[in-house]
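>>> fold the following for me, if possible:
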Amino acid sequence: MMQRRLPLLALLALSMTALAQTPAADPNAYLEDIHGARALETVKQWNTRSLAALEAKPGYAKYRQRALDLLQADRQIATPDDVFGDQVLNLWQDKTNVRGLWRVASLSSFTSGKPVWRTLIDVDALGKAEGKSWVWKGVTCRSPSYDRCMVALSNGGGDAVVEREFDIPSGKFVADGFVVPIFKTRLSWAGPDSLYVATDFGAASLTKSGYPRTAKLWRRGTPLTAAIEIASATPEDVGINVSVFSEGEQRYPLVVRDTDFFHSKRSHVAQDGRLVPSPLPDDAVINTVLDGRLIATLASEWRGVPAGAVVAYSIADVLAGRAPTIEQVLVPTATQAVEQVDSSKSVLWVKMLDNVSGRLASLTRGADGTWTQSVAALPAASTIHLDATAGRDDLAFAMVESFLSPPALYAIRPAAKPVAVDTLPARFDASTMQVEQRFATSKDGTKIPYFLVRKKITAESAPAPVPALVHAYGGFRNAQTPTYLVDQPYRSGPAGLFWVEEGNAFVLANIRGGGEYGPRWHQATLRENRQKAYDDLHAVGDDLVRTGVSAKRKIAVSGRSNGGLLVGVAMEQRPDLYGAIVMGSPLLDMQRYSHLSAGASWIGEYGDPDKPADWAFISQYSPYQNLKRGVQYPVPFIYTSTEDDRVHPGHARKFAARLEAYGDPFFYYENPEGGHAAGADKIEDAKRAALVTVYLNTQLVTAPQR
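Residues are numbered from 1 along each chain as shown. As a prediction, the model looks like this:
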């Protein structure tokens, strides 16, 4: 049957491909002009209308102020963003320092729980002095001295950054130091006075995804234009980079040519400049270097080692032309997934999930090449974040939290009891709430886990169905794990807390496409199998109805980025089930996505809409193309940022325009700053939390049942 239908589908896809290549055929194509006057005027009208309606709703000001108080509380944990040598670096944000203070403390004082901080950069003051809206984007510091760093700053919060050399001892930017102009630059230190740089080098230097095609070696005292090419990518590749792993005085550079989002060609750089290919499969994830061995996590079975396992090999053997022994470091069970791997002086640290619950293991290598594992005694049924490891000591820092337990920072050494460095006080009364992990059954029989947070149910009570907010993502290997209800900017901040406090249900769905159960969970929804992620979400919603937690059209779904695509599809496929849609920084026009911003880099996830065979399955769910007149859809709340240079704001704009043309109501808010995060600071996060809360109340609590 499918064989006979393909020619017709191919003809349809060919026709639609022509449209994809001629956006002028779309009456809303003008909205792809990010800063175009007509586009911005349309956005202004939508913003004005939507904000006027939502900010006038009961409780908006109260929600916004409480969200701001929670997000900017004076009592916070200073996270170890980086541990370099004997120093800890941290970006501190509060109500006074909205964009943050970048500061340094000694490792010993930090570990004691009483850090003595020295401010290096006041980001707010720097922005004011330079007339920029600087947003912090991190640092890359040179080893082993860690005295100089390349500081990345974004003007407005997008992915494109300016890189500037900073001297930690003096606390100043380096006069006549390295500076790389604004771009989505990738760089690392090649030595004390040289950088590997992949950036915009002019004509034909970028891939179709908008990332660098060329990686070069730039020596101090020479112009960037004189940098020497190390390696290059093709226009069809995603991009190229040189990653440098440091171990004491030794540096291990690795050229990484990303052929798509999940596959890369890797080559070690020998001392004489030769590129020596890594034996790893292209889909393996490179983690770190320990004891001269490259550590990686497999995304597929390789040489008898199962997908999801952590492996290691000797870099020296590869550089010498010898076939290295592949060591099995760790093989997860069927319920486990490796999420993060890092190294300290002589220990490998592996953060895992086990049925979506966190676990942190330390591994040491014996002389015979076998690895011994020890599991840190951290609180069970929690989310663990491996924040940082120390390179000169066998020490790791991990943050532990759950929906109802505030974050606590631990210092951890192998086979020793973790030491609490700092613990936040409770920010709300969790004694009235409960958390359950449940499993829904998807269309193909797969069990889909989800977490349910609501008021406590007693044996005497028989609760009636309540409105439910379901958050999900379902893509790019990104697992969704429980975090304290106060601070969840990607889940609309404290909106989930407000929702539960007022007697409703909050749900975190672990649908396929993420990394909750390793590579298989992600790969199940790639390309033509995308519908499985949507089926999983619908299964969770249906399970909430079946078990009496909620009712049809009393369920909201929330998602950002790929999750924005998810909820856009949900809105159209199951208008009978969902009553509200929180759609953040969304992908929606899947016919044009590969031509907008960084979209071409995601072809490995979704497929290529310019290929008729791929468009045949993408067209089945693309929200912009599948929106129909005369359907009673849930009224969505769509939000994005003008400066989102990852997911083009044209997706959200065009979807809103089509809704308007069909006479369908919607709320729309486009933040002028914030990039893909849709917020450059916690003031903006608090505003969004309040907007989402009053929107949900309007659609699900006070609105009559439809």
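
>>> pLDDT weak spots in the stretch 451-600 of the chain?
459-462 (pLDDT under 70).

>>> strands of that one, start to end?
Along the stretch 451-600 of the chain, the stretches classed as strands by DSSP state E, counting those that start in this stretch are 468-471, 505-509, 555-560, 578-584.

>>> and the second one, how far out from the chain middle?
The offset between the C-alpha centroid of strand 505-509 and the centroid of the whole chain comes to 19 Å, using Cα atoms, centre = their mean, to the nearest Å.

>>> flag every buried residue along that strand.
505, 506, 507, 508, 509 (16 or more other Cβ atoms under 10 Å). All C-beta spots, glycine's among them, are computed from the backbone N, C-alpha and C.

>>> tell me the one among these nearest to residue 522.
Among the buried residues of strand 505-509, residue 509 lies closest to residue 522 (Cβ to Cβ), at 15.2 Å.

>>> distance check, the closest one against residue 538.
10 Å (Cβ to Cβ, to the nearest Å).

>>> same deal with residue 467?
For residue 467, the distance to residue 538 - Cβ to Cβ - is 18 Å.

>>> quick one: which of those two has more around it?
Using other Cβ atoms under 10 Å as the criterion, residue 467 and residue 538 rank with residue 467 on top: 24 against 21.

>>> skip the chain neighbours and tell me the closest residue to the more buried one.
Leaving aside its chain neighbours, residue 467 sits nearest to residue 700 (3.9 Å; criterion: Cβ to Cβ, 6 or more residues apart in numbering).

>>> surely the one you found forms part of a helix?
Yes: using DSSP: H, G, I helix; E, B strand; the rest coil, the assignment for residue 700 is a helix.

>>> what does the helix or strand containing residue 684 contact?
In this assignment (DSSP states H and E), residue 684 forms part of helix 682-696. Among residues not part of helix 682-696, those counted as contacts by Cβ atoms under 8 Å, 6 or more residues apart in numbering are 51, 54-55, 57-61, 63-65, 67-68, 71-72, 93, 98, 467, 469, 489, 492-495, 498-499, 556, 558, 580, 582, 637, 639, 667, 669, 671, 673-674, 678-679.

>>> inside helices: which ones of those residues?
Here DSSP state H is the test, and these give 51, 54-55, 60-61, 63-65, 67-68, 71, 495, 498-499 as lying in helices.

>>> so how many other residues sit close to the residue nearest to residue 467?
Neighbour count for residue 700, taken as other Cβ under 10 Å: 25.

>>> where's it relative to residue 104, distance?
47 Å.

>>> skipping adjacent residues, who's closest to the residue nearest the centre of the chain in space?
Centroid check for the chain by Cα atoms, centre = their mean gives residue 478 as the closest residue, at 7.0 Å. Closest residue in space to residue 478, ignoring its immediate chain neighbours: residue 514 at 5.3 Å, by Cβ to Cβ, 6+ apart.

>>> ok, how many other residues are close to the one you found?
What residue 514 shows, counting by other Cβ under 10 Å, is a neighbour count of 26.

>>> quick check: it touching residue 481?
No: Residue 514 is beyond contact range of residue 481, at 9.5 Å (criterion: Cβ atoms under 8 Å).

>>> contact partners for residue 496?
453, 469, 471, 485, 488, 506.

>>> I'd like to know how far it sits from residue 563.
In terms of Cβ to Cβ, residue 496 sits 14 Å off from residue 563.

>>> cool, residue 470 as well?
On the measure of Cβ to Cβ, residue 470 and residue 563 end up 11 Å apart.

>>> more crowded one of these two?
Comparing residue 470 with residue 563 by other Cβ under 10 Å, the one with more neighbours is residue 563, at 30 against 26.

>>> tell me how far the residue lying closest to the more buried one once chain neighbours are set aside lies from residue 662.
Computed as Cβ to Cβ, 6+ apart, the closest residue to residue 563 that is not its neighbour in sequence is residue 473, at 4.3 Å. Per Cβ to Cβ, residue 473 is found 28 Å from residue 662.

>>> and the two? which has more neighbours close in?
The neighbour count for residue 473 versus residue 662, taken as other Cβ under 10 Å, is higher for residue 473 (26 against 13).

>>> list the contacts for the more buried one?
480, 511, 513, 514, 559, 560, 561, 562, 563, 566.

>>> look up how far residue 146 lies from residue 112.
20 Å.

>>> worst-scoring helix or strand of the chain, pLDDT-wise?
When each helix and strand of the chain is scored by mean pLDDT, DSSP states H and E, helix 2-20 comes last, with a mean of 34.

>>> what about the closest residue to residue 354 other than its chain neighbours, distance to residue 59?
Excluding its sequence neighbours, the residue lying closest to residue 354 (Cβ to Cβ, 6+ apart) is residue 336, at 4.9 Å. With distances taken as Cβ to Cβ, residue 336 is found 42 Å from residue 59.

>>> would you check that residue 339 makes contact with residue 354?
No: Residue 339 is beyond contact range of residue 354, at 10.8 Å (criterion: Cβ under 8 Å).

>>> who has more neighbours, the two?
Comparing residue 339 with residue 354 by other Cβ under 10 Å, the one with more neighbours is residue 339, at 22 against 14.
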